[in-house]
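Asker: One predicted model, sequence on top.
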Amino acid sequence: MADASFKDAPKKPSPDGLDRPDGAGAQDSDDWSWAGPGLRQGRLRVRTLIAQRWLTVAGQSVTVLFCGLVLDRQIPYALCFSLIALSAWLNVLIGLASTGQRLARDVEATAQIAFDILQLSGMLYLTGGVYNPFSLLLIAPVTLAAATLPARYALGLGVLAVIATIVLAFLYMPLPVAIGVSPPRPEASLLAGIAAARILGIVVTGLYAWQAATESARMELALNVTETVLAREQRLSALGALAAAAAHELGTPLATISVVAREMARGAPDEQTREDAELLIGQAARCREILQRLTEMPEAQDAVHERMSLTQLVHEIIEPHMIHGVRVEAVVNGPSGESAPDVWRRAEVIHALTSIVENAVDFARSEVIVVARFDPRSILIEVRDDGPGFSPEVLAKLGEPYVTSRPGAEGSRTGHIGMGLGFFIAKTLLERTGAAVDFRNGRRGGAVVAARWPRPAMEAPGFIGV
């Protein structure tokens, strides 16, 4: 169990019935491999870009008027309002050309954000360059790009903002001052320091936004895959219940058909009619056999099949993995003289523990042991193997999505190709049932994954009056 590459959501259809994760959303030609396998972050709506630009237009207009009329600064009104009007006209044209609810294409969003950077740079050129305190606002469009655009576009916009900052440190019009006051002449070293601080702010804030948005999107995708797994298991259980109900309802009409067919065979006027009646009897008997098998399936959701003994649970978990050349055993321990309790059959518990056993089989040398322990307060299930154990770097991050030391587990005993989602899915499913999940390396080597429930959370109470 060297990594967390459990039965997750492989890119090809797998035995667990899941499709590739990116099948849940639209997929286009953009390369989002930088953000994680199968991952796409949310893109910007045109409405968002328009609203942000109107806010910029309003803010710049108020600032120019306040500095010029209230603070009595010498503002180049014509040039400043020409740049502000340019942003306003762009918004009007975009609003007329497309609906605001539409998602902006990556190239389109990049072009609009690049325009915002250049327009803001023009305003700063007219009002003191990087010496203007508002030069700090160059960080904002880069942060927006890092949080919403592919890496190559966000990186390009970051480089554009850095270049604009460097240019504004050496090429700018004087900072507006009051009439009759000489404009300040900052030293080159001061301007260089301010420019360096702005560049550092752009880089650090952009990287922070990129990392936060990427982790958020990866977590959202992993949770969506987890919900898909749980929904699938619940649908299978529902199908079992439907089959049992159908078998029960169809039993009576089939019995009636059999009785009528036998009467027809006894009173048949000719050989052909008797053969048809006997064929009908045989087919009805076959239908009864099929329905009997359906009623015996463990997925049937009735008072009997909803419960199973703890011993039956651990054997059902290991049964699919006893064909891979590794000895897989189940052991049930409890207080002396007390039999194993009955537990509720839960699809999510069975799926999660089966996934963990599958991973143990992949990395075990020769043996995997599933130990179930119970006492008056709790029920514990441990999966142990004699493999190399979890590597330190994987052990430190287990429980997070996309954690694996092997991107594809080619050559594994089970043939599973994982993406590092499986342990996250298994852990999430188990915790939803009230389990506390623990993972560690054993004292004698190998990996150990344990799930502990309060006994009332798992135990099915005994029948009354049976």
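Answerer: Thanks, I have it.
Asker: burial count for T428?
Answerer: 21 (other C-beta atoms under 10 Å). C-beta coordinates here come from the backbone N, C-alpha and C atoms, glycine included.
Asker: ugh, wrong one, I meant Y77
Answerer: 12.
Asker: Isn't it up against G68?
Answerer: Yes - the pair Y77 / G68 is scored as a contact, 6.6 Å apart, by C-beta atoms under 8 Å.
Asker: how near is L149 to P176?
Answerer: The gap separating L149 from P176 is 34 Å, by C-beta to C-beta, to the nearest Å.
Asker: These two: which has the busier surroundings?
Answerer: Each of L149 and P176 has its neighbours counted (other C-beta under 10 Å); L149 has more, 25 against 21.
Asker: Now do the contacts for that one.
Answerer: Contact analysis of L149 by C-beta atoms under 8 Å, 6 or more residues apart in numbering lists R43, L44, D106, A109, T110, I113, L157.
Asker: And for R440?
Answerer: Counted by C-beta under 8 Å, 6+ apart, R440 has contacts F390, L395, A447, V448.
Asker: Partner strands of the strand or helix carrying it, with direction?
Answerer: Using DSSP states H and E, R440 sits in strand 436-441. Looking at strand 436-441 with DSSP bridges, its partner strands are strand 447-454 (antiparallel).
Asker: Report the buried residues of the partner strand.
Answerer: For strand 447-454, burial by neighbour count (16 or more other C-beta atoms under 10 Å) applies to A447, V448, V449, A450, A451, R452, W453.
Asker: How about stretch 191-207?
Answerer: L191, I194, A195, R198, I199, G201, I202, T205, G206.
Asker: follow-up on the earlier one: for E459, state which of the contacts of L149 is nearest.
Answerer: E459 has its nearest neighbour among the contacts of L149 in R43, at 48.3 Å by C-beta to C-beta.
Asker: Identify each buried residue in stretch 257-271, please.
Answerer: Buried residues in stretch 257-271 (16+ other C-beta under 10 Å): S258, A261, M264, A265.
Asker: The second one: what's it in contact with?
Answerer: The one in question is A261. A277, E278, L280, I281, A284 are the contacts of A261 under C-beta under 8 Å, 6+ apart.
Asker: Please repeat the previous calculation with a cut-off of 10 Å.
Answerer: Going by C-beta atoms under 10 Å, 6 or more residues apart in numbering, A261 touches D276, A277, E278, L279, L280, I281, G282, Q283, A284, A285.
Asker: Quickly find the element holding the residue of the chain positioned farthest from its centre.
Answerer: Residue farthest from the centre of the chain, counting by C-alpha atoms, centre = their mean, is P269 at 69.2 Å. P269 is part of no helix or strand when elements are defined by DSSP H and E.
Asker: so who does the spatially closest residue to S98 that is not a sequence neighbour touch?
Answerer: In this structure, S98 finds its nearest non-sequential neighbour in V46, 5.7 Å apart by C-beta to C-beta, 6 or more residues apart in numbering. V46 is in contact with 94-95, 97-105, 108-109, 112, counting by C-beta under 10 Å, 6+ apart.
Asker: make it 8 Å
Answerer: Contacts of V46 (C-beta under 8 Å, 6+ apart): I94, S98, T99, G100, Q101, R102, L103, A104.
Asker: do L398 as well
Answerer: A4, F390, F423, K427, F439.
Asker: try 10 Å
Answerer: L398 neighbours (C-beta under 10 Å, 6+ apart): D3, A4, F390, F423, F424, K427, V437, D438, F439, R440, A447, V449.
Asker: So for stretch 347-366, what gets flagged as buried?
Answerer: 347-364.
Asker: quick one on the thing from earlier: what's the separation between the residue nearest to S98 and S216?
Answerer: For V46, the distance to S216 - C-beta to C-beta - is 22 Å.
Asker: ok but F423 is inside a helix, no?
Answerer: Yes - using DSSP: H, G, I helix; E, B strand; the rest coil, the assignment for F423 is a helix.
Asker: Isn't it up against F439?
Answerer: Yes - judged on C-beta atoms under 10 Å, F423 makes contact with F439 at a distance of 7.9 Å.
Asker: Please identify which of these two sits among more neighbours.
Answerer: F423 (31 against 20).
Asker: Tell me the confidence at the more buried one?
Answerer: We have a pLDDT of 79 for F423.
Asker: next one: T311
Answerer: At T311, the pLDDT recorded in the model is 90.
Asker: Name the helix or strand for I379, please.
Answerer: Going by DSSP H and E, I379 is in strand 378-385.
Asker: Quickly run through the sheet partners of that strand, with directions.
Answerer: strand 367-374 (antiparallel), strand 447-454 (antiparallel).
Asker: after it, next one along is what?
Answerer: For strand 378-385, the succeeding helix or strand toward the C-terminus, using DSSP H and E, is helix 392-395.
Asker: Can you name every helix or strand that that following helix contacts?
Answerer: strand 436-441 (3 or more C-beta pairs under 10 Å, 6 or more residues apart in numbering; DSSP states H and E).
Asker: Would you mind checking the average pLDDT for the strand it packs on?
Answerer: For strand 436-441, the per-residue pLDDT averages 90.
Asker: CA atoms of that strand as PDB?
Answerer: Once non-C-alpha atoms are left out, strand 436-441 reads as follows in PDB (Å, rounded to 0.1, in the frame of the first residue of the first chain):
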ATOM      1  CA  ALA A 436     -13.100   8.000  12.200                       C
ATOM      2  CA  VAL A 437     -10.500   7.000   9.600                       C
ATOM      3  CA  ASP A 438      -6.800   6.500  10.500                       C
ATOM      4  CA  PHE A 439      -3.900   5.600   8.300                       C
ATOM      5  CA  ARG A 440      -0.400   4.700   9.400                       C
ATOM      6  CA  ASN A 441       2.500   2.300   8.800                       C
END
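Asker: what distance separates that strand from the centre of its chain?
Answerer: 22 Å (C-alpha atoms, centre = their mean, to the nearest Å).
Asker: hmm, back to that, right, and the pair among the contacts of R440 with maximum separation?
Answerer: L395 and V448 (11.0 Å).
Asker: Give the residues shared as contacts by the two.
Answerer: Common contact partners of L395 and V448 (C-beta under 10 Å, 6+ apart): G389, F439, R440, N441.
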